[in-house]
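J.: I would like the atomic coordinates for the input below:
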Amino acid sequence: MTILYLDCYTGISGDMTVAALLDLGVPLEHLSAELDKLGLPPGSYELSTSRTERQQIPALKFDVAVHDHHTHRHYAGIDDLISGSSLAEPVKERARLIFRRLAEAEALVHGVAIEEVHFHEVGAIDSIIDIVGTAICLEFLGVKTVYAAALPLGSGFVETSHGRLPVPAPATAELLKGLAVHGECGPGERVTPTGAAIVAALASGFGKQPAMVLEKTGCGAGGKDFADCPNILRAFLGHSGADDKNNDDVIVAETNIDDSTPELLGYAMERLFEGGALDAYFTPIQMKKGRPGVMVSFLCRPGQLDQLSQLLLSETTAIGLRYYRADRIVLQRRIVEQPTGFGTVRFKEVIDSSGKVLRRSPEYEDCRRIAREKGIPCLEVMELLQSKGASES
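T.: Residues are numbered from 1 along each chain as shown. Sure, this is the predicted structure:
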């Protein structure tokens, strides 16, 4: 299993994360081509990298030159932008999870519903690129699990669109809850809201680097050059002792409910998937005194357990849950686009550990769209595309 350890002891931001991952070997051309799938306005930004130093430590600097400074987006618009793109599903999943954590923190700080959160710095094009770019790079590198060092709190003040705020900024402080922090670096903003959201959403553990076979190291530079600590983010890429790349480590969480309506349970499942759950499902059970009930279960990464547990406990009548770690074997998947008689259609390919395509099937959303456009049954569209996909295998 491929592991990434983020040594963010001196700080982390969105651009530092992308820079460190690019330094691990992700081509800038690949990142640019994948970001095009977001459908942002042409010419609205330009990507570049440069070599620099922070206190004599060589590092890569990643910059986004934004040519459209008037675009501000609400959380719902950003989520729709990502989910409606043609990016790979794991990329969408990670990017949406990061933005979700960010939106939840902003909503709590400003006392508004999450749908009403209006991003300023974070909602600008450069930060969208930082978050989605991080997810793209992780997918390219094949990262399955992320760990992170303790983060510096920093001190002083920072100027934002909301005015002069103390460091860490309120949203950053909210995101840092439950994470390992320290106060060994001096004044200045060492952790940005985007950087904190990346760690909060993706990290499965914090503190010392986990045992792994180290393969590559990357180093990303921040925009400032602090006097006390080098403003860098180091990324260590390696793999665990397991040789089978199809092995995966997940958390299974469950709770039994006998006093909830089907509508609330259905809504809770929607929220679990929105929150990044790998899977969620209901199982009919018989509870105390012969009462019929439902066991609500969800699968998630270790680092998602706290967030998804709180979500489930707040959206249902459950008063607790149990969880346990589980190993699973999963086949690799990828989305490929293919021309058909209905136009370009996305197909999902299932691949074994040797790289052989075992089966492929058309994406349901594309089949649904075609069925509505052509006025024919969705089943007929799926069967026609399935035969086309099989013939191309």
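J.: and the helix or strand containing residue 107, what's buried?
T.: For residue 107, the element it lies in under DSSP states H and E is helix 89-110. Neighbour-count burial for helix 89-110 flags 90-107, 109 (criterion: 16 or more other CB atoms under 10 Å). All C-beta spots, glycine's among them, are computed from the backbone N, C-alpha and C.
J.: by contact count, what packs against that helix?
T.: helix 75-83, helix 125-141, helix 170-175, helix 193-202 (3 or more CB pairs under 8 Å, 6 or more residues apart in numbering; DSSP states H and E).
J.: helices and strands around the shortest one, which ones?
T.: Judged by 3+ CB pairs under 8 Å, 6+ apart, helix 170-175 is in contact with helix 89-110, helix 193-202.
J.: please apply the same query to the last one.
T.: Packing partners of helix 193-202 (3+ CB pairs under 8 Å, 6+ apart): helix 14-23, helix 89-110, helix 125-141, helix 170-175.
J.: rerun at 6 Å
T.: helix 89-110, helix 125-141, helix 170-175 (3 or more CB pairs under 6 Å, 6 or more residues apart in numbering; DSSP states H and E).
J.: identify the residues contacting residue 4.
T.: Going by CB atoms under 6 Å, 6 or more residues apart in numbering, residue 4 touches 143, 146, 237.
J.: nearest to residue 14, of those?
T.: Within these, proximity to residue 14 (CB to CB) peaks at residue 146, which comes in at 14.7 Å.
J.: ok, back up a step: now the helices and strands packed on helix 170-175 in TSV, with distance to residue 168 and mean pLDDT?
T.: Formatted as TSV, the helices and strands packed on helix 170-175 follow (distance: least, CB to CB, whole Å; pLDDT from 0 to 100):
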stretch	distance to residue 168	mean pLDDT
helix 89-110	11	91
helix 193-202	8	94
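J.: buried set for stretch 189-205?
T.: So for stretch 189-205, counting by 16+ other CB under 10 Å, buried means 189-204.
J.: one step back: out of the helices and strands packed on helix 193-202, nearest to residue 381?
T.: When the helices and strands packed on helix 193-202 are compared by CB to CB, helix 89-110 sits nearest residue 381, at 20.7 Å.
J.: could I get that closest one in CSV with only the CA atoms?
T.: The C-alpha coordinates for helix 89-110 follow below in CSV (Å, rounded to 0.1, in the frame of the first residue of the first chain):
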residue,chain,number,x,y,z
GLU,A,89,-14.0,9.4,-9.0
PRO,A,90,-11.2,9.1,-6.3
VAL,A,91,-10.0,12.6,-7.3
LYS,A,92,-13.5,14.0,-6.9
GLU,A,93,-14.0,12.1,-3.6
ARG,A,94,-10.8,13.6,-2.0
ALA,A,95,-11.4,17.1,-3.4
ARG,A,96,-15.0,17.3,-2.3
LEU,A,97,-14.1,15.9,1.2
ILE,A,98,-11.5,18.7,1.7
PHE,A,99,-13.9,21.4,0.6
ARG,A,100,-16.6,19.9,2.8
ARG,A,101,-14.3,20.1,5.9
LEU,A,102,-13.5,23.7,5.0
ALA,A,103,-17.1,24.6,4.5
GLU,A,104,-18.1,23.1,7.8
ALA,A,105,-15.5,25.1,9.6
GLU,A,106,-16.5,28.3,7.9
ALA,A,107,-20.2,27.7,8.6
LEU,A,108,-19.5,27.2,12.3
VAL,A,109,-17.3,30.2,12.6
HIS,A,110,-19.7,32.5,10.8
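J.: that helix vs helix 193-202, what angle?
T.: 120 degrees (axes from the mean of the first three to the mean of the last three CA atoms, to 10 degrees).
J.: which other residues reach helix 89-110?
T.: 75, 78-79, 82-83, 114, 117, 131-132, 135-136, 139, 170-171, 174-175, 197-198, 200-201, 276.
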